[in-house]
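A.B. asks: Turn this into a structure:
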Amino acid sequence: MRGAAHVTRAACAAAVVLAAGACGGGAPAGGPDGIVTSSWGDPQNPLEPANTNEVQGGKVLDMIFRGLKRYDPRTGEAENMLAERIDTDDSVNFTVTVKSGWTFSDGEPVTAKSFVDAWNYGAHLKNNQRNAYFFGYIEGYDQVHPASGQPTAQTMSGLRTTGERTFTVKLTQKFSTWPETLGYAAFAPLPSSFFSDHDAWLARPVGNGPYAVDGYTRGAQMSLRRWDGYPGDDKARNGGVDLKVYTDSNTAYTDLTAGHLDLVDDVPAAQLRNVRADLGDRYINTPAGIIQTLAFPYYDPDWNKPGQEKVRRGLSMAINRKQITDTIFQRTRTPAKDWTSPVLGPDGGYDEGLCGVHCTYDPARARKLIAEGGGIPGGRFRITYNADTGSHRQWVDAVCNSVNNALGDDRACVGNPVGTFADYRNQITQSKMSGPFRAGWQMDYPLIQNFLQPLYYTSASSNDGEWSNETFDRLVDQANAETDPAKAIETFKKAEGVVRDQMAAIPLWYQNGSAGYSERISNVSLNQFSVPVYEEITVD
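C.D. replies: Numbering: from 1, shown residues only. The predicted model follows:
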């Protein structure tokens, strides 16, 4: 219940800036200036848009930045935000016109240069940005971010400012849906202060979204406050949001039900049996573009030798997905049947028949395949996961029980918890995984391309297992170059078939967005990324 008061008091004492009355016995004031308190976890890295590719940091970037496009919270459709127009005649050369009247929260105008400078920074090798890969289709990327050696240029040749509000982009190949990717945070604009005093900017990021950062203490809280000068039509309807750090989602849920917290955006599995009784219609359970998988460390020769694809298929067939999603997650997850998400729909590339028998529980076939593939490396299936959020311990234990039962060996599979999400991500990005690991994916934008390319393309930004397959890469390139959306999707599905045949990662289940909220807030919803639409929340 487990230390709920301790966590809340610690957050209040340590935070740099807090709203009056947000801690102690009283609740924040209601009305348009009321402050929403929400559960959160520390991001892995400082909040540079091109260096944040995980959920916790992404939540903040979505609050403090707006890009050329924005994804509609209800439909996921990419709509113009700061883009007045994005024009092309050939899907290679694009002219972008930025809307007038937009500024950063420090008063600096948002111009074409704000985007061009930000993208060049994000792409350059010396800046070591996790999302650099997203700029890889722009001509000149290979000069600023070579695969080996030192950069031979400071800026990408295919990115040029042509006016105060216009810039041009030249890609290395046709990419018909490229404009639809521009709502992703890596493509956000940056103010001049980001470059002139980088350390100060990192300490208190300055963006152009409906909220501004008011203070942050790692391990405790980030405070965001409504920016009244925000020119967009999605202005904040509350005074701000205090994101409180919790290392146990059950503790956050207890604080919610006790009236000490307004919003929990990931109801823990242990509470799902009681959540309707606890919260009634203040519980949200809605489909989202999220899939949970098990990834493998292909940089480890033991997991990347010939025949291992049979072992991975066998392990997939040793997992009873339906039993786990029914009992652990109370049907707030759906057994995965492909590597994308049902929110895409069949026309968008979702294919419920793609995985087929490889995602069907079959202990006898599982044992046969694992034996044919040479057995589990080291004789043990050791799943690494972060233990602080997402109820991961429960489902990892359930997966291991399923594998052990299927293989007739109660020591074949064990969980390997890592204390915090940040530490877990650091081990992943440093290629320190010694076996399979949790690899949930929340879409950046609602395209089949986003479920495949960032995760499985050679050297892609979120290809944490370092899987590589020439056929897959070639098909992805062909799909991106296709100007007919339907043909592009069919080519992407062929690429996904390569992922299936090699079982590059084991798909587990699609995840619904889940949230619970207090009686003092209203108008709470989750977007298709399962993130609260914070700016719409009102404080009663």
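
A.B. asks: Helices along the stretch 151-300 of the chain, start to end?
C.D. replies: Residue ranges of the helices in the stretch 151-300 of the chain, as given by DSSP state H, counting those that start in this stretch, are 192-196, 198-203, 249-257, 275-279.

A.B. asks: Which stretches in the stretch 201-350 of the chain count as strands?
C.D. replies: With DSSP state E, counting those that start in this stretch as the definition, the stretch 201-350 of the chain shows strands at residue ranges 211-217, 221-226, 240-245, 263-264, 283-295, 333-335.

A.B. asks: Among the helices of the stretch 151-300 of the chain, which comes closest to Glu535?
C.D. replies: When those are compared by Cβ to Cβ, helix 249-257 sits nearest Glu535, at 20.6 Å. All C-beta spots, glycine's among them, are computed from the backbone N, C-alpha and C.

A.B. asks: What helices and strands are in contact with that closest one?
C.D. replies: In terms of contacts (3 or more Cβ pairs under 8 Å, 6 or more residues apart in numbering; DSSP states H and E), helix 249-257 is packed against helix 4-14, strand 35-40, strand 263-264, strand 506-517.

A.B. asks: Any chance of the strands of the stretch 201-350 of the chain in CSV with mean pLDDT as columns?
C.D. replies: Shown next, in CSV, are the strands of the stretch 201-350 of the chain (pLDDT from 0 to 100):
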stretch, mean pLDDT
strand 211-217, 96
strand 221-226, 97
strand 240-245, 97
strand 263-264, 98
strand 283-295, 93
strand 333-335, 94
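
A.B. asks: Send me the biggest helix by length in the chain as CSV with only the CA atoms.
C.D. replies: Longest helix of the chain, by residue count under DSSP state H: helix 485-502. Taking Å, rounded to 0.1, in the frame of the first residue of the first chain, the C-alpha atoms of helix 485-502 are listed here in CSV:
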residue,chain,number,x,y,z
PRO,A,485,-0.6,3.5,-50.1
ALA,A,486,-2.2,0.1,-50.6
LYS,A,487,0.8,-1.3,-52.5
ALA,A,488,3.1,0.1,-49.8
ILE,A,489,1.1,-1.7,-47.1
GLU,A,490,1.3,-5.0,-48.9
THR,A,491,5.1,-4.6,-49.3
PHE,A,492,5.4,-3.8,-45.6
LYS,A,493,3.4,-7.0,-44.8
LYS,A,494,5.9,-9.0,-46.9
ALA,A,495,8.6,-7.5,-44.7
GLU,A,496,6.7,-8.5,-41.6
GLY,A,497,6.6,-12.0,-43.0
VAL,A,498,10.4,-12.0,-42.8
VAL,A,499,10.1,-11.0,-39.1
ARG,A,500,7.7,-13.9,-38.6
ASP,A,501,9.8,-16.5,-40.4
GLN,A,502,12.9,-15.6,-38.3
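
A.B. asks: how far does that helix sit from the chain's center?
C.D. replies: With Cα atoms, centre = their mean, to the nearest Å as the basis, helix 485-502 stands 22 Å off its chain's centre.

A.B. asks: same thing with stretch 162-170?
C.D. replies: In this view, stretch 162-170 has its centroid 29 Å away from the chain centroid, taken as Cα atoms, centre = their mean.

A.B. asks: measure that stretch end to end?
C.D. replies: End-to-end distance for stretch 162-170: 13 Å, by Cα to Cα, to the nearest Å.

A.B. asks: Stretch 340-350 now?
C.D. replies: Start-to-end, stretch 340-350 (Cα to Cα) is 6 Å.

A.B. asks: ditto for stretch 462-472
C.D. replies: End-to-end distance of stretch 462-472 (Cα to Cα): 16 Å.

A.B. asks: Now it: buried residues?
C.D. replies: Neighbour-count burial for stretch 462-472, counted by 16 or more other Cβ atoms under 10 Å, picks out Ser462, Asn463, Asp464, Gly465, Glu466, Trp467, Ser468, Asn469, Phe472.

A.B. asks: Tabulate the helices of the stretch 151-300 of the chain (a markdown table), appending mean pLDDT.
C.D. replies: Output for these, formatted as a markdown table (pLDDT from 0 to 100):
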| stretch | mean pLDDT |
| --- | --- |
| helix 192-196 | 98 |
| helix 198-203 | 96 |
| helix 249-257 | 95 |
| helix 275-279 | 96 |
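
A.B. asks: Let me have the ones you listed in a markdown table, extended by distance to Gly57 and mean neighbour count.
C.D. replies: Converted to a markdown table, those look like this (distance: least, Cβ to Cβ, whole Å; neighbours: other Cβ atoms under 10 Å):
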| stretch | distance to Gly57 | mean neighbour count |
| --- | --- | --- |
| helix 192-196 | 16 | 15 |
| helix 198-203 | 12 | 13 |
| helix 249-257 | 18 | 23 |
| helix 275-279 | 27 | 16 |
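
A.B. asks: can you put the ones you listed in JSON lines and add distance to Glu482?
C.D. replies: As requested, the helices of the stretch 151-300 of the chain are arranged in JSON lines below (distance: least, Cβ to Cβ, whole Å):
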{"stretch": "helix 192-196", "distance to Glu482": "36"}
{"stretch": "helix 198-203", "distance to Glu482": "40"}
{"stretch": "helix 249-257", "distance to Glu482": "42"}
{"stretch": "helix 275-279", "distance to Glu482": "44"}
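
A.B. asks: Give me the contacts around stretch 54-66.
C.D. replies: Contact with stretch 54-66 is made by 40-45, 47, 49, 52, 81-82, 102, 105, 185, 188-189, 205, 207-213, 222, 224, 232, 241, 243, 421, 425, 442, 531, 534-535, as judged by Cβ atoms under 8 Å, 6 or more residues apart in numbering.

A.B. asks: That concludes my questions; thank you for your assistance.
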